[in-house]
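> here you go, sequence then predicted model.
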Amino acid sequence: MEKNKTDKVKKSVDMQWITHSMVVIIADILVVIFSYFAALWLRFDMRFQSIPKEYFQTYLRIIPILCVITIAIFLIFKLYHSIWSYVSIDETFTMVEAYCVIAICNIAAKYIMKIDMPRSFYFFGIFFAFVLHVFVRFSYRLLRYIRNQFSKSAEYRAGNAENVMIIGGGSAGGVLLRELKNDSHQNQRPVCIIDDNPGKIGRELYGVPIVGGRDVIVEKAAEYNVGSIIFAMPTASPKDRKEILDICKETGAKVRVLPGVYQLANGEVSVNRLKDVELIDLLGRDPIQINNDEVFKMLKGKTILVTGGGGSIGSELCRQIAAHQPKQLIIFDIYENGAYDIQQELVRKYHEKLNLVTLIGSVRNTHRIESVMQKYKPNIVFHAAAHKHVPLMEDSPNEAIKNNVMGTYKTAVAAAHAGVETFVLISTDKAVNPTNLMGASKRICEMVIQMMNRSTPDTNFVAVRFGNVLGSNGSVVPLFRKQIEEGGPVTVTHKDIIRYFMTIPEAVSLVLQASQYAKGGEIFVLDMGDPVKIDDMARNLIKLSGLTPDVDIPIVYTGLRPGEKLYEEKLMDEEGMQTT
């Protein structure tokens with residue numbers, strides 16, 4: 001059923017393309033007919049009666065040939081693949097190249113067929129045809145632009161358009177500005193640009209004034225009645241990014257950002273790719289970098305098993321491992337939907353280049369995990385399968401012990417029996433001086449790993465401990481976003497609660513780096529930067545949505561949940577730390 005629907009859509013698109021191409025080809029043929037006749041008419045003093053009969057008959061005889069030559073060359077140069085709404089100088093240069101070839105073909109046809117026509121006939125015919133073909137294509141874009149401007153003017157007069165401030169007058173800002181001004185479907189009006197470059201201030205970009213640097217953002221947002229701000233500086237440093245976004249928060253306007261510098265490099269800058277500001281944009285630190293060469297050497301050509309491979313951490317582990325050319329990647333998870341999603345993503349990206357195995361099973365099932373280890377003999381195991389939600393584990397303590405503790409023990413024993421080289425446990429800072437069942441279960445898991453390392457000299461057992469991960473399943477940021485979209489209230493457990501934060505890709509890349517350092521028995525603690533106050537985070541997200549905390553969106557303090565700490569610790573009292 002789905003396939004038939006897809007086929008129908010494809011046929012419909014194909015018919016539209018064929019119809020459009022036929023209309024354009026007919027228009028081009030008419031241009032050729034008119035241009036060469038105009039050349040003949042011009043040659044004989046612009047008087048039809050002055051054209052010799054034999055020349056006119058020759059014109060009628062050769063014009064089909066000239067049309068065929070022109071259309072054939074246009075097809076070769078793919079001039080019928082362009083979208084006229086976006087025709088640019090590139091198409092003009094392609095047209096010049098095509099007409100150089102057409103001129104050569106016309107001259108060749110003249111001598112091969114012994115056509116007796118004035119040389120000016122070819123010169124002016126080609127010149128007129130070139131000018132008209134370019135004119136027709138740009139006229140379509142011009143007419144569309146005029147129509148869009150009329151449409152937008154009507155929106156502006158009706159007061160329906162939202163005033164937009166763009167931060168950044170560079171390449172990305174220019175692309176977004178052009179799209180906002182030209183697309184009639186964008187119900188937004190760019191009114192001013194902010195740029196710190198003194199040489200740009202006071203000038204205009206596509207008719208929009210560059211009104212000043214970051215110091216005037218609040219003032220100009222009020223002056224121009226700005227409802228939305230677009231941060232279009234993908235190459236800005238994290239420090240500048242945070243400083244500018246902190247200023248934008250005070251305007252009361254909704255703030256959106258470009259995803260990053262890679263989109264600019266790939267030509268993917270678009271209004272449709274704008275995203276809401278994330279917490280990582282406000283952390284003000286450089287993205288964490290790892291030694292990819294070392295990680296590549298560790299993973300390349302190895303068989304690697306990821307338990308809990310369908311979860312938020314496990315799936316990112318699979319993504320990054322797949323990029324390092326493993327011999328075989330095994331995804332093991334009890335939740336089939338998550339495992340299926342990451343399997344399909346990797347299959348689409350790598351096709352036959354990745355030897356991928358996806359298995360469903362529980363780490364609590366001794367026979368299942370032993371059979372998987374014995375069959376595939378992995379070199380490295382990343383153990384990410386675990387229950388992680390603190391409040392849920394307080395209500396289901398048996399499950400926390402069975403899944404986290406016994407699951408880790410059974411998987412570690414199976415790994416030792418299979419001769420695994422390195423076993424990496426994904427742990428948490430909640431295991432430090434635990435005050436809740438989930439944290440206590442993960443602390444026991446760390447102790448199991450250290451016990452296994454002492455009793456199994458052939459396998460290096462290590463643990464990696466980190467804090468909250470932005471974007472993981474159940475993370476606080478998506479929850480706040482949802483609450484803001486629903487009109488509030490935003491719920492915070494305590495006004496003074498703080499947490500360490502890191503993105504999923506950063507956390508996973510550090511897990512891989514730590515694995516490369518593993519000698520056995522270590523607990524690696526990730527440096528997650530400075531802690532973030534959850535109350536401040538909630539207020540910032542509300543402000544960046546163009547709303548006012550405690551006015552538009554109430555904040556409700558619900559109280560600490562059972563087992564929850566005000567702040568997380570990195571080390572037990574008896575533990576010491578060495579820098580890697």
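Yes, it's here.
> can you give me every residue that contacts the nearest residue to residue 240 once chain neighbours are set aside?
Nearest non-adjacent residue to residue 240, counting by C-beta to C-beta, 6 or more residues apart in numbering: residue 233, 7.5 Å away. The way it works is simple: take the backbone N, C-alpha and C, and place the C-beta from them, glycine included. Counting by C-beta atoms under 8 Å, 6 or more residues apart in numbering, residue 233 makes contact with 167-168, 170, 172-173, 240-241, 244, 258.
> could you do residue 124 as well?
Contacts for residue 124 (C-beta under 8 Å, 6+ apart) come out as 38-39, 42-43.
> what's the lowest-pLDDT member of these?
The lowest pLDDT within those belongs to residue 43, with 86.
> where's that one relative to residue 117, distance?
9 Å (C-beta to C-beta, to the nearest Å).
> same check, this time on residue 358
Counting by C-beta to C-beta - residue 358 and residue 117 are separated by 71 Å.
> do the same with residue 469
With C-beta to C-beta as the criterion, residue 469 and residue 117 are 76 Å apart.
> more crowded one of the two?
A side-by-side neighbour count of residue 469 and residue 117, using other C-beta atoms under 10 Å, places residue 469 first with 23 against 19.
> can you list contacts of the strand or helix carrying residue 393?
Secondary structure assignment for residue 393, by DSSP states H and E: helix 390-395. Applying C-beta under 8 Å, 6+ apart, the contact partners of helix 390-395 are 387, 399-400, 430, 436-439, 441, 561-564.
> tell me which helix or strand comes right after it.
helix 397-400.
> for that next one, buried residues please.
residue 400 (16 or more other C-beta atoms under 10 Å).
> how about stretch 39-53?
For stretch 39-53, by 16+ other C-beta under 10 Å, it's 39-41, 43-44, 51.
> where does pLDDT dip in the stretch 151-300 of the chain?
151-160, 182-186, 259-291 (pLDDT under 70).
> helices of that one, start to end?
171-182, 217-223, 238-249, 261-265, 279-282, 292-299 (DSSP state H, counting those that start in this stretch).
> quick one: closest of those helices to residue 525.
Within the helices of the stretch 151-300 of the chain, the stretch nearest residue 525 is helix 292-299; the backing value is 18.7 Å (C-beta to C-beta).
> mind listing what's buried in that closest one?
295, 298-299.
> which one of these is nearest residue 526?
Using C-beta to C-beta, these come closest to residue 526 at residue 295, 15.0 Å.
> any figure for the gap between the closest one and residue 202?
49 Å.
> in CSV, list the helices of the stretch 151-300 of the chain along with distance to residue 342.
Output for these, formatted as CSV (distance: least, C-beta to C-beta, whole Å):
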stretch, distance to residue 342
helix 171-182, 31
helix 217-223, 41
helix 238-249, 29
helix 261-265, 22
helix 279-282, 22
helix 292-299, 17
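> tally of neighbours for residue 34?
Counted with other C-beta under 10 Å, residue 34 comes out at 15.
> that one against residue 132, yeah?
Yes. Shown here, residue 34 and residue 132 form a contact pair, counting by C-beta atoms under 8 Å, at 7.3 Å.
> contact partners for residue 94?
For residue 94, the contacting residues are 77-79, by C-beta under 8 Å, 6+ apart.
> now, which of the residues you listed sits nearest residue 248?
residue 78 (43.3 Å).
> host element of the closest residue to that closest one other than its chain neighbours?
Excluding its sequence neighbours, the residue lying closest to residue 78 (C-beta to C-beta, 6+ apart) is residue 94, at 7.9 Å. Under the criterion of DSSP H and E, residue 94 resides in helix 89-112.
> now the strands for the stretch 401-550 of the chain?
422-428, 460-466, 468-470, 490-492, 498-499, 501-503, 523-525, 532-533 (DSSP state E, counting those that start in this stretch).
> and those strands: which comes nearest residue 224?
Of all the strands of the stretch 401-550 of the chain, strand 490-492 comes closest under C-beta to C-beta, at 29.2 Å.
> quick one: contacts for residue 118?
Applying C-beta under 8 Å, 6+ apart to residue 118 gives the contacts 40, 43, 55.
> dump those to JSON lines, plus secondary structure and distance to residue 220.
Formatted as JSON lines, the contacts of residue 118 follow (DSSP: H, G, I helix; E, B strand; the rest coil; distance: C-beta to C-beta, whole Å):
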{"residue": "40", "secondary structure": "helix", "distance to residue 220": "61"}
{"residue": "43", "secondary structure": "helix", "distance to residue 220": "61"}
{"residue": "55", "secondary structure": "helix", "distance to residue 220": "67"}
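> now render these as CSV, adding distance to residue 122.
As requested, the contacts of residue 118 are exported to CSV (distance: C-beta to C-beta, whole Å):
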residue, distance to residue 122
40, 11
43, 11
55, 13
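> and which of the residues you listed is nearest to residue 331?
Out of the contacts of residue 118, the member with the shortest distance to residue 331 (by C-beta to C-beta) is residue 40, at 72.3 Å.
> so that closest one touches residue 59, yeah?
Yes. The pair residue 40 and residue 59 qualifies as a contact (C-beta under 8 Å) at a distance of 5.7 Å.
> what sits in contact with each of the two?
Joint contacts of residue 40 and residue 59 (C-beta under 8 Å, 6+ apart) are 117, 121.
> wait, what's in contact with the closest residue to residue 52 other than its chain neighbours?
Closest residue in space to residue 52, ignoring its immediate chain neighbours: residue 44 at 7.7 Å, by C-beta to C-beta, 6+ apart. By C-beta under 8 Å, 6+ apart, the residues touching residue 44 are 50-52, 55.
> secondary structure added to the residues you listed, as TSV?
As requested, the contacts of residue 44 are exported to TSV (DSSP: H, G, I helix; E, B strand; the rest coil):
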residue	secondary structure
50	helix
51	coil
52	coil
55	helix
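> right, I'll leave it there.
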